[in-house]
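A.B. asks: sequence plus the predicted model coming up.
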Amino acid sequence: MKMKIKHGGDQVRKFTVYYVLNRNLVTPGLPRKGTGDITTTSPCMGQGKMKVQVSYVFPESSHGYVHLLSAGRSQWYLCAALCVTLTLSLSLLILMPSRFGSVDRKLSDLERSVSNLTESVSLHLSKLHEKVGCPDGWNLHNSSCYFFSAYQASWYTARDSCRSMDATLLILTDEEEWVFVNIMSVGRPFWLGLSDERTGEWEWVNESPYIMNRSKWMPGQPDNWAGHSIGGTEDCAHITSGKLNDNHCTVAYTFICKARPAPN
């Protein structure tokens, strides 16, 4: 028996099935050769319908003619149902791999896209590090380099140490930077580039004015206290536990320097 599968009106696959029918299932008078169409529903087809074209040839007997035995018309329907079942099974084997193949191709394309994107990001980051970099021991944050000293020094020594590294004792410029410094300075006091020693008014080390924000200071600070035995008053500011405080400029604290990244 020869079969053809047609799907949606367009022929998809052709194949030949050799199937020997029990002659008891053949309706009397059925020609030895013939062709018939059967339309059925296939769960493996996207559009739902499958048209099966069946061409059959019954073998002749040793006497050279077809033996046709009596049978009811329902036996022909049973034969047709068997053909359709066989055809649907074959269609699953033929059509489903192509569906899975399409999914595999899409997954492969997606993997290639992700791989290309990863390579592109890595390349851009590599180029960025080539163009912008901080010295060893410094932290890069928002296009600036920060040095958190591990050793203590007076405010004056801290200022001079930063200058010797082409940096400045830290000048805070915005809230985001304030948050970053607070996170990085937890647990230790750090000198900042803030003092009122020169004019009696608080200013940054570059002599730009400081706008007072009491919420950033410890309660009651700055108080310019002079009750210590060092002499003079508290004219320099440090940050500790997320708050500012003033202290005598000769007290030794760790400190923070800030510099622009150097191009490589």
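C.D. replies: Sure, I can see it.
A.B. asks: quick one: low-confidence ranges for the chain?
C.D. replies: 1-101, 114, 117-118, 121-132, 263-264 (pLDDT under 70).
A.B. asks: quickly list the domain ranges of it.
C.D. replies: Split into domains by automatic domain parsing, the chain comes to 2-96, 139-259.
A.B. asks: buried residues, stretch 190-207. List them.
C.D. replies: The neighbour-count check on stretch 190-207 (16 or more other C-beta atoms under 10 Å) flags Phe190, Trp191, Leu192, Gly193, Leu194, Ser195, Asp196, Trp202, Glu203, Trp204, Val205 as buried. Heads up, the C-betas are built off the backbone N, CA and C, glycines and all.
A.B. asks: and these, which of them are in strands?
C.D. replies: Among these, DSSP state E puts Phe190, Trp191, Leu192, Gly193, Leu194, Ser195, Glu203, Trp204 in strands.
A.B. asks: sorry, back to before: can you lay out the buried residues of stretch 190-207 as TSV showing distance to Arg105?
C.D. replies: Below are the buried residues of stretch 190-207 laid out as TSV (distance: C-beta to C-beta, whole Å):
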residue	distance to Arg105
Phe190	58
Trp191	62
Leu192	59
Gly193	60
Leu194	63
Ser195	68
Asp196	71
Trp202	67
Glu203	66
Trp204	61
Val205	63
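A.B. asks: my guess is Asn182 contacts Ile239, does it?
C.D. replies: Yes: counting by C-beta atoms under 8 Å, Asn182 touches Ile239, with 7.3 Å between them.
A.B. asks: so which of the two has more stuff around it?
C.D. replies: Comparing Asn182 with Ile239 by other C-beta atoms under 10 Å, the one with more neighbours is Ile239, at 24 against 15.
A.B. asks: my guess is the more buried one is in a strand, correct?
C.D. replies: Yes: assigned with DSSP: H, G, I helix; E, B strand; the rest coil, Ile239 falls within a strand.
A.B. asks: please name the bridge partners of it.
C.D. replies: Judged by DSSP bridges, the bridge partners of Ile239 are Phe190, Leu244.
A.B. asks: what's in contact with stretch 180-189?
C.D. replies: For stretch 180-189, contacts defined as C-beta atoms under 8 Å, 6 or more residues apart in numbering pick out 139, 141-142, 146, 148, 170, 172, 190, 238-242, 245, 253-254, 256.
A.B. asks: quick check: buried residues in it?
C.D. replies: Phe180, Val181, Ser185, Pro189.
A.B. asks: out of those residues, list just those in helices.
C.D. replies: Phe180, Val181 (DSSP state H).
A.B. asks: Gly187 and Cys162, how far apart?
C.D. replies: 21 Å (C-beta to C-beta, to the nearest Å).
A.B. asks: and what of Leu194?
C.D. replies: In terms of C-beta to C-beta, Leu194 sits 13 Å off from Cys162.
A.B. asks: try Glu175
C.D. replies: 23 Å.
A.B. asks: what's the answer for Leu244, then?
C.D. replies: 18 Å.
A.B. asks: ok, now Asn182?
C.D. replies: From Asn182 over to Cys162 (counting by C-beta to C-beta), the distance is 19 Å.
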